[in-house]
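Student: after the sequence you'll find the predicted model.
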Amino acid sequence: MNTALDIVLKHPAVWRGKRQTCTHENGMDENRIASGFAGLDEQLPGGGWPRGALTEIMLPQPGIGELRLILPALRQLNRDKKWIALIAPPYIPYAPAWQAMGLDLSRVLWIHPRDHIDQLWAVEQALQSGTCGAVLSWQTTSPGFERLRRLQLAAESSHCWGVLFRPMADADESSPAAVRVRLTAKERTLDVHFLKRRGAWGGEAVQLPLPLFTVVK
Amino acid sequence: MLWLCLNFPQLPLELHARAEPISSPWAIIEGKGARKTILQCNDAAAELGIRPGMTPGAAYALAHNLQLRSRDETAERQALESLADWAGQYTSFVSLRSPNALLLEVAGSLRLFKGMAPLLDRIPRQTAELGYATRIGVAPTPLAAWLLARTQIPNIPPKTIMEINQLPATLRELPLELLDLEPKQIKTLHGLGLKRLGELLRLPRAGLARRFSPGLVDYLDRLLGNSPDPLEAYTPPPRFVRQLWLPAETNDREALLFPARRLLLELTGFLDARQAGTQWLHWRLIHHNHHHHRPATHVTLGLAAPNRDPEHLLALLRERLSRVTLEHAVEGIGLSVTNIRPLRPRTLSLDTSLNSDLDGNRHSDMADWPRLVERLRARLGDEAVRGFQPHPDHRPELAWKTSSPGAGVRDPGNARRPLWLLPKPVALSWRDGTPWLDGRLAIESGPERIESGWWDEGDVARDYFIASDAAHGCYWIYRERYDTRRWFLHGLFA
């Protein structure tokens, strides 16, 4: 199965009109990051969050489990000695909780730009630097398609996972991101609705169990 | 011993045009009063027919817009010393040959740089980037290297003589007037019918010594390596301080980057010679100061780790300058570096993108995190790019602190805390028997009692609860135990 074609088809930039299923045993390869949720990996193209691409997460409001959703993947990147950049988060990232969730805070950057322009500049710098495994940015205003395309290219150039948290109102905009999801919370579960998946159709949803606390040793 | 001579024939002219290339005709004059003559001129002036040796009057007749500047020998000496600092990256022995040449002992450097050819390719390219044209000669004696450099023809590869016994045969054809002899001596030799070095060398030494001063024989011995020619080593200063004057005042920040880059290239050579980098660069933007006292604008760049990469340092300056308000026009730019820190040595490679650590590892992107931090800080400010850490304090708002990026502490953290903390607790209203935030909050668990005692100001006495709203957002809220017994929102579980 290790033909050149397979390698090409597993690349997140390659769109196939048919869902790809995960064929990897260890859960990690260079084009994706296992999400830590088996149900979600099944639905994500290539079997995990895409590296070298943007992922957009539409939120009705902060605090519904959006960080717990991506923390297993961040932890994995962190263990591989990759940096994580938090750009313009809405609140203070509370160190005792992040540390307890198993993140190595000596490889996490907290960046707060003065305005929207500086924020997009910082996201692009962090994405293309090659230092970061993941760049998380909280967008209050829409960057617009052209700007998103630049960010997507920056992510591709350095194999970085770019995560943009955006308000629900931006869900209808067109976007070059590889994955776009919308989140809704239920009691201790999180519904992930796929608006777009490169390599598969959108429209499906997956319900994930999401405990409030996870202690990671 | 193998000597590489770097001759900078246009030094008096070029040192004035380093901050910005000058396209209009201009020239350097030397001499006093009515005996002033043109020493050197730029291409624009040469195209109009202006030549060295002309009087200023004759030159003005050819180009009415010609600009003249007096020769500045002090500045030439400083420029030559700066070049010696820079050349320290190639050898541990540099000697100044006034007024416009350097001698580098390079026998030991050949192995590091993988032979002579890469050196001869790299050095003139770098001096051109610094703003100086150079002529090069390589020979086993300093005098021969100097002769070869002085006679290098532009655009022809420099002449190199590697073995001392090849010297007489190779130098044989040189005209006598190129040797460092007094004009009187040359005239006498010409009178004897001697034109070339080879003819002079065929004469018996004893006769030469008698007829001319012993100086001539001594010179020939040193030239050919028959007697030693000790040179004085240049001792570099412990600090790097330079400035460049712009040809005209400017308010354009982009125009400052050209001279800044030249200063950084000099700095790179200076630091390279010490296998060092720096963490602090002090830039001075010098304002016109004739009528009013206008202090220079200082721009200090701090780095997360020692560095000497000129392109990275220039990118940082560019970002930082975009945030600087220039109150007045700038007429000069200065750079001083006193913080000189050892840099982990890497195996030298001519292609900087292939630099690797001593243990052979390719210099990885992950080790380059200080670059990202510095770039971001240059534009956003130091305070905008930080790390964060748990802090041992049981008052929740003090149980964390910001830190330098890359710093870490051993602390298990606290799993029962929210991932987001509000900068300041927000008062909640109380309706229908529950706390209220755009809707009722249902309490899911609690209380967790958190109190501080008189020893740490005793300002916290709270009962914390976990609560959720209709959209299943999870909140960390508390109720004050005394006074008003009000409810506050303090964090989000996210």
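Tutor: Nice, thanks for sending it over.
Student: the helix or strand harbouring A:Asp41 - what's its average pLDDT?
Tutor: For A:Asp41, the element it lies in under DSSP states H and E is helix A:38-43. The pLDDT scores in helix A:38-43 average 92.
Student: list of residues touching the helix or strand that comes right after it?
Tutor: Later in the chain than helix A:38-43, the nearest helix or strand by DSSP H and E is strand A:49-50. Judged by CB atoms under 8 Å, 6 or more residues apart in numbering or on different chains, the contacts made with strand A:49-50 from elsewhere in the structure are A:12, A:31-35, A:44, A:55, A:70, A:73, A:161, A:178-179, A:198. No exception for glycine: its C-beta is placed from N, CA and C like everyone else's.
Student: let's see 10 Å
Tutor: Residues from elsewhere that reach strand A:49-50, judged by CB atoms under 10 Å, 6 or more residues apart in numbering or on different chains: A:11-13, A:31-36, A:40-41, A:44, A:55, A:70, A:72-74, A:76-77, A:134, A:155, A:161-163, A:177-179, A:197-199.
Student: repeat that for stretch B:158-166.
Tutor: With contacts defined as CB under 10 Å, 6+ apart, stretch B:158-166 is touched by B:1-6, B:107, B:110, B:116-117, B:119-120, B:123-124, B:134-141, B:144-145, B:147-149, B:151-153, B:167, B:169-171, B:224-226.
Student: which residue packs closest to A:Arg150, ignoring adjacent ones?
Tutor: Counting by CB to CB, 6 or more residues apart in numbering or on different chains, A:Glu124 is the residue found nearest to A:Arg150 once chain neighbours are left out, at 6.4 Å.
Student: just checking, what packs against the helix or strand where the one you found lies?
Tutor: Following DSSP H and E, one finds A:Glu124 within helix A:116-128. Based on contacts counted as 3 or more CB pairs under 10 Å, 6 or more residues apart in numbering or on different chains; DSSP states H and E, the elements that helix A:116-128 packs against are strand A:83-87, strand A:108-111, strand A:132-138, helix A:145-158, strand A:161-167, helix B:369-380.
Student: next, the angle strand A:132-138 makes with it.
Tutor: Using axes from the mean of the first three to the mean of the last three CA atoms, to 10 degrees, the interaxial angle of helix A:116-128 with respect to strand A:132-138 works out to 160 degrees.
Student: give the rounded mean pLDDT of helix A:116-128.
Tutor: When pLDDT is averaged along helix A:116-128, the result is 95.
Student: likewise for stretch B:13-31?
Tutor: When pLDDT is averaged along stretch B:13-31, the result is 90.
Student: stretch A:106-113 now?
Tutor: Across stretch A:106-113, the average pLDDT comes to 96.
Student: for that stretch, measure first residue to last.
Tutor: Chord length of stretch A:106-113, first to last residue, is 20 Å (CA to CA, to the nearest Å).
Student: and that stretch, anywhere near chain B?
Tutor: Yes: using CB under 10 Å from any CB of the partner chain, stretch A:106-113 reaches chain B at A:Ser106, A:Arg107, A:Val108, A:Leu109, A:Trp110, A:Ile111, A:His112, A:Pro113.
Student: go through chain B and flag its longest helix.
Tutor: In chain B, ranked by residue count with DSSP state H as the criterion, the top helix is helix B:253-273.
Student: from chain A, how far out is B:Asp85?
Tutor: When distances are taken as CB to the nearest CB, to the nearest Å, B:Asp85 and chain A turn out to be 32 Å apart.
Student: in chain A, what helix or strand scores lowest on average pLDDT?
Tutor: Between all helices and strands in chain A, the lowest mean by mean pLDDT, DSSP states H and E belongs to strand A:28-29, at a mean of 56.
Student: could you say what helices and strands the helix or strand following that one packs with?
Tutor: As assigned by DSSP H and E, the chain's next helix or strand after strand A:28-29 is strand A:32-33. Under the contact criterion of 3+ CB pairs under 10 Å, 6+ apart, strand A:32-33 touches strand A:49-50, helix A:66-79.
Student: want to throw those into a markdown table with mean neighbour count and mean pLDDT?
Tutor: Supplementary listing: the helices and strands packed on strand A:32-33 in a markdown table, determined by neighbours: other CB atoms under 10 Å in any protein chain shown; pLDDT from 0 to 100:
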| stretch | mean neighbour count | mean pLDDT |
| --- | --- | --- |
| strand A:49-50 | 26 | 96 |
| helix A:66-79 | 21 | 94 |
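Student: cheers, nothing more for now.
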